[in-house]
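Chemist: sharing a model that was predicted from the sequence below.
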Amino acid sequence: MSFAHCSLCGTESRLIIEHLGICGECIRARFDQARPRTQAAHAETRRAFGLPETPPRTADGIPCSLCSRGCRIGPGERGYCGLRLNRDGRLHHLAGTPTRGVLHWYRDPLPTNCVADWVCAGHRRYGYHNLAVFYASCTLNCLYCQNWHFRQVDPAASDGLSARELADCANARTFCVCYFGGDPASQMPHALASARYLAERGVVVCWETAGTQHPKLMDRAVQLSLETGGTVKFDLKAFDEGLHVALTGASNRRTLDNFVRAAARFAERPEPPLVVASTLLVPGYVTPDEVGRIARFIAEVNPHVPYALLGFAPNFYVPDLPRTSAGHAEVALEAARAAGLTNVRIGNRHLLSRDY
């Protein structure tokens with residue numbers, strides 16, 4: 001059992017991320033003081049994989065508008081996601097275009113452990129499979145990333161697939177496709193192109209994303225899911241902006257704005273639900289109170305949007321926190337219901353502990 005120390009208030013607790021060195025309460029209450037430490041913590045994790053420590057903001061750099069990070073990429077620099085670089089004054093895409101995506105895919109038998117599995121279109125499609133598309137890039141830097149190994153992929157040297165080649169991986173038993181990762185936000189032109197090909201073949205199109213895409217790209221993704229019977233699954237990691245920055249290295253403003261745009265269309269097709277939200281219950285940080293704030297935000301748009309609460313397991317730069325406790329999850333569940341949501345569940349009870 002390890003106890004970490006908060007550098008701001010002096011508290012020692014099992015529920016403090018040692019790599020971060022600041023407790024959840026101080027992040028929410030004193031983020032201006034916490035910011036330098038959080039920036040240093042994220043910079044260290046980026047250096048370890050040769051990725052830009054922060055989004056480049058060179059005054060005369062080439063702007064990239066694909067996501068919320070607002071990169072302005074100077075000569076010889078790469079964008080934050082690692083896929084775009086300024087080569088001789090032109091923006092060069094290592095991946096993420098219709099002609100080349102860096103990813104891996106597999107056939108996942110239905111029903112699967114989809115975030116939306118209790119409400120999605122594939123829930124009872126026994127004998128069929130989901131074409132699971134894992135993009136090896138991301139626009140965020142979650143300290144607890146469960147799929148952090150994609151950072152070991154060299155986008156310049158790895159094999160890639162065109163959008164057409166990816167779509168051709170579907171067969172007669174492919175019921176749905178889900179784009180995740182990493183995050184499809186970093187390779188949306190490729191994802192949208194392959195999704196259109198798959199939609200033409202009658203495949204249901206789903207997304208699992210933190211929602212940092214340019215709003216126009218997000219709108220296209222939502223439209224494809226609406227037309228095919230798919231679901232857009234938003235990972236709402238935190239409502240408090242400072243907490244989101246501390247945990248992921250980025251603001252959540254674009255995520256929340258894109259969620260509102262998508263969830264405003266929920267009534268156009270509530271069954272199966274067009275939009276589903278989820279939140280990872282990070283001990284000490286994503287508390288029941290934080291879940292209540294997220295849930296109230298969702299309910300203000302549409303109280304019938306399904307909401308999944310997910311158990312945390314130690315990973316990446318957060319090996320020291322315990323797994324989410326059953327008590328934490330149950331209180332968070334009640335907080336979400338009290339906020340007005342009508343369809344809330346704990347998504348992976350098998351991960352829950354009794355550690356705190």
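Modeler: Perfect, thanks for sending it.

Chemist: CA only for contacts and neighbour counts going forward, please
Modeler: Fine.

Chemist: what helices or strands is the lengthiest helix in the chain leaning on?
Modeler: Under DSSP state H, the helix in the chain containing the largest number of residues is helix 31-47. Applying 3 or more CA pairs under 8 Å, 6 or more residues apart in numbering; DSSP states H and E, we find helix 31-47 packed against helix 241-248.

Chemist: so what touches the helix or strand that contains residue 197?
Modeler: Per DSSP states H and E, residue 197 falls inside helix 188-200. Here helix 188-200 makes contact (CA atoms under 8 Å, 6 or more residues apart in numbering) with 66, 96-101, 162-164, 166-167, 170, 177, 179, 184, 204-205, 213, 217, 220-221, 224, 228.

Chemist: tell me where the model's unsure across the stretch 51-200 of the chain.
Modeler: Within the stretch 51-200 of the chain, no range satisfies pLDDT under 70.

Chemist: just the helices in it please.
Modeler: 163-167, 188-200 (DSSP state H, counting those that start in this stretch).

Chemist: send the alpha carbons of the longest one over as PDB?
Modeler: In other words, helix 188-200. Output of helix 188-200 as PDB, limited to C-alpha atoms (Å, rounded to 0.1, in the frame of the first residue of the first chain):
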ATOM      1  CA  MET A 188     -10.800  11.700 -38.800                       C
ATOM      2  CA  PRO A 189     -10.400  12.200 -42.600                       C
ATOM      3  CA  HIS A 190      -9.400   8.500 -42.900                       C
ATOM      4  CA  ALA A 191     -12.100   7.300 -40.500                       C
ATOM      5  CA  LEU A 192     -14.900   9.300 -42.200                       C
ATOM      6  CA  ALA A 193     -13.800   8.000 -45.600                       C
ATOM      7  CA  SER A 194     -13.800   4.400 -44.600                       C
ATOM      8  CA  ALA A 195     -17.100   4.900 -42.700                       C
ATOM      9  CA  ARG A 196     -18.800   6.100 -45.800                       C
ATOM     10  CA  TYR A 197     -17.700   3.100 -47.700                       C
ATOM     11  CA  LEU A 198     -18.900   0.800 -45.000                       C
ATOM     12  CA  ALA A 199     -22.200   2.600 -44.700                       C
ATOM     13  CA  GLU A 200     -22.800   2.000 -48.400                       C
END
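
Chemist: for residue 173, give its distance to residue 133.
Modeler: Distance from residue 173 to residue 133, counting by CA to CA, to the nearest Å: 16 Å.

Chemist: how about the CA coordinates for stretch 56-64, as PDB?
Modeler: Provided in PDB are the C-alpha atoms of stretch 56-64 (Å, rounded to 0.1, in the frame of the first residue of the first chain):
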ATOM      1  CA  PRO A  56       3.400  23.700 -31.100                       C
ATOM      2  CA  ARG A  57       2.400  27.400 -31.300                       C
ATOM      3  CA  THR A  58       5.000  28.800 -33.700                       C
ATOM      4  CA  ALA A  59       3.900  32.300 -34.600                       C
ATOM      5  CA  ASP A  60       4.400  31.800 -38.400                       C
ATOM      6  CA  GLY A  61       3.800  28.000 -38.300                       C
ATOM      7  CA  ILE A  62       1.300  26.200 -40.400                       C
ATOM      8  CA  PRO A  63      -2.100  25.900 -38.600                       C
ATOM      9  CA  CYS A  64      -3.800  22.500 -38.300                       C
END
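
Chemist: okay, buried residues for the helix holding residue 197 please.
Modeler: 188, 189, 190, 191, 192, 193, 194, 195, 196, 197, 198, 199 (16 or more other CA atoms under 10 Å).

Chemist: what do you get for stretch 226-233?
Modeler: 226, 228, 229, 230, 231, 232, 233.

Chemist: pull the most distant pair out of those.
Modeler: Farthest-apart pair in the buried residues of stretch 226-233 is 228 and 233; separation 14.9 Å (CA to CA).

Chemist: what stretches of the stretch 201-350 of the chain score poorly on pLDDT?
Modeler: Ranges of the stretch 201-350 of the chain meeting pLDDT under 70: none found.

Chemist: measure stretch 165-180 end to end?
Modeler: Using CA to CA, first and last residues of stretch 165-180 are 18 Å apart.

Chemist: and it, how far out from the chain middle?
Modeler: 21 Å (CA atoms, centre = their mean, to the nearest Å).

Chemist: give me the contact list for it.
Modeler: Contact partners of stretch 165-180, identified using CA under 8 Å, 6+ apart, comprise 122, 125, 127-135, 191, 194-195, 197-198, 203-209, 230.

Chemist: give me the buried subset of the residues you listed.
Modeler: Of those, these count as buried by 16+ other CA under 10 Å: 122, 125, 128-135, 191, 194-195, 197-198, 203-209, 230.

Chemist: that'll do, ta.
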